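Visitor: A predicted structure for the sequence below; I have some questions about it.
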Amino acid sequence: MNLAYTLRLADDAMIIGHRLSEWCGHGPVLEQDIAVTNTALDHLGRARSLYQYAAKQFNAMPQEEKNQYFSSVALQSLVETGADIDEDDIAFLRDGWDYRNLLLLEQPNQDWAYTIARSFYYDTFNYLFFGAMQQNADSELAAIAEKSLKEVTYHLRWSSEWVIRLGDGTDESHQKMQTAINELWEFTGEMFTMDNTDMHAVQGGYGVDLNTIKPKWTDQIAAILHEATLTLPTATWMQEGGREGRHTEQLGYILTELQFMQRAYPGMEW
């Protein structure tokens, strides 16, 4: 059963999409305001596709398994009625401990350099990940990967160009970009940590072996940083916990804003 695998991919897309959407109306220039907003929409579109598939997988489970799957009271109460759930229920009725997104993606924007560094790390990963996932034994995940790869190719080009532009720009932009690269580095290791969900997915033919893409990721990151006259961090200690539902305080702030309307007016529809 690849529900857990589908959910973590959906959560990644939802949280980074929400973070990038915070730049809407606040971008450094109009062109980049539009660019980053469109990128956020790409991520949110992928999140919706994955949440729809996750809901389909969940609704096909036996009721006894459903009743024990989620920890969030609001969602579990709905499940126990026997009603089917949909993508909105999964996104808006789960609490932080049911989210499985990477810690990197919930980190605050802080400034433009931090936003670029976070996207650069994740876009490079996504480009390699969805490229490999196109060969998925699960036809629905393979289709989502094929569509996503087209979008991620643009995302990676955009964030890479900004890393170079800031790194090889003024003294101030270089310093800000290097600081962001250094401080977010400790969140990158989690992208390649293979847990039981990953290993079961690989064995089942619907997952990506993260060990095969890690060296490619490192080479691509190093090449762009070199062109940007930036230094590749060498720290080896990494943060982790997002895949197990252990998050930084930042996720709580995101969900407070993201889920407010549904929590205040349960069942509301546009």
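Guide: Cool, the structure landed.

Visitor: gap between residue 228 and residue 124?
Guide: 13 Å (CB to CB, to the nearest Å). From N, CA and C alone the C-beta is placed, and that goes for glycine too.

Visitor: which ones are touching the spatially closest residue to residue 129 that is not a sequence neighbour?
Guide: Spatial nearest neighbour of residue 129, excluding adjacent residues (CB to CB, 6 or more residues apart in numbering): residue 208 at 5.6 Å. Contact analysis of residue 208 by CB atoms under 8 Å, 6 or more residues apart in numbering lists 129, 132-133, 201-202.

Visitor: most neighbours, which of those?
Guide: In terms of neighbours by other CB atoms under 10 Å, these top out with residue 201 at 24 neighbours.

Visitor: mind telling me what element it is part of?
Guide: helix 196-203 (DSSP states H and E).

Visitor: show me where the protein has helices.
Guide: Under the criterion DSSP state H, the chain carries helices at the ranges 3-21, 30-59, 63-66, 73-79, 87-92, 103-106, 112-133, 139-167, 171-184, 196-203, 210-227, 249-258, 260-264.

Visitor: the inter-axis angle of the longest one versus helix 3-21?
Guide: Translated: helix 30-59. 160 degrees (axes from the mean of the first three to the mean of the last three CA atoms, to 10 degrees).

Visitor: in helix 30-59, what counts as buried?
Guide: Judged by neighbour count (16 or more other CB atoms under 10 Å), helix 30-59 contains these buried residues: 35-37, 39-40, 42-58.

Visitor: how much does that helix deviate in direction from helix 112-133?
Guide: With the same axes, to 10 degrees applied, the angle from helix 30-59 to helix 112-133 works out at 40 degrees.

Visitor: same for the helix holding residue 201, what does it pack against?
Guide: Judged by 3 or more CB pairs under 8 Å, 6 or more residues apart in numbering; DSSP states H and E, the packing partners of helix 196-203 are helix 3-21.
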